[in-house]
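Undergrad: Kindly return the folded structure for what I paste below:
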Amino acid sequence: MSVKTMILPDAEATQALGKQLGQCLPSGTVLLLQGTLGAGKTTLVQGIGEGLGITDSIVSPTFTLVNEYPQGRLPLYHLDLYRLQPEGVEGLYVEQYWEGFEVVPGITVIEWPEKLPYLPPAYLTMQLLYGEKSGRQAILTATDNFTLDFSKFWGDKG
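TA: Model prediction:
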């Protein structure tokens, strides 16, 4: 398992991190995005969209549950499970986004992943923490089944 921690002093740094991820993450990536309300999850996803070359406005899918942005380097699928219980998530058939059979493989970002009744076989987890005095902190973890070369976007070996 690979882990990288970064300090993000402001929203611009959070968006810049997302942009770097959008530029380098491969097709089929699933990013489980954890953090409290206001931690910067949507800001990060906006940066990912920018890095993918998506020009549409990226907004939180809290009420729509899933937003699909097909026009970038790769498609971006943004899911927000905040309003659902695990049994409600099953009806979304979220596995279609990482299996690549029913939708074009892209980058799938899932907010509130603790609501998932099951996990994909390989994924990244990013936890965004926010402290009034310390600012934001991002902890990115790649599962053993997900290969991620941190040097591609942070210039070090993580």
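
Undergrad: what helix or strand is the nearest residue to Gln23 once chain neighbours are set aside on?
TA: Nearest non-adjacent residue to Gln23, counting by CB to CB, 6 or more residues apart in numbering: Gly51, 4.2 Å away. C-betas here are computed from N, CA, C, even on glycine. Assessed by DSSP states H and E, Gly51 sits inside helix 41-52.

Undergrad: can you give me the helices for the chain?
TA: Assigned by DSSP state H, the chain shows helices spanning 11-24, 41-52, 86-90, 95-99, 151-154.

Undergrad: Mind exporting the C-alpha coordinates of the second one to CSV?
TA: This means helix 41-52. Provided in CSV are the C-alpha atoms of helix 41-52 (Å, rounded to 0.1, in the frame of the first residue of the first chain):
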residue,chain,number,x,y,z
LYS,A,41,-14.2,17.3,-2.0
THR,A,42,-16.0,19.1,-4.8
THR,A,43,-13.1,21.6,-5.2
LEU,A,44,-10.8,18.6,-5.7
VAL,A,45,-13.2,17.1,-8.3
GLN,A,46,-13.3,20.4,-10.1
GLY,A,47,-9.5,20.3,-10.4
ILE,A,48,-9.6,16.7,-11.7
GLY,A,49,-12.1,17.9,-14.4
GLU,A,50,-9.8,20.7,-15.3
GLY,A,51,-6.8,18.3,-15.5
LEU,A,52,-8.9,16.1,-17.8
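
Undergrad: Many thanks, we can stop here.
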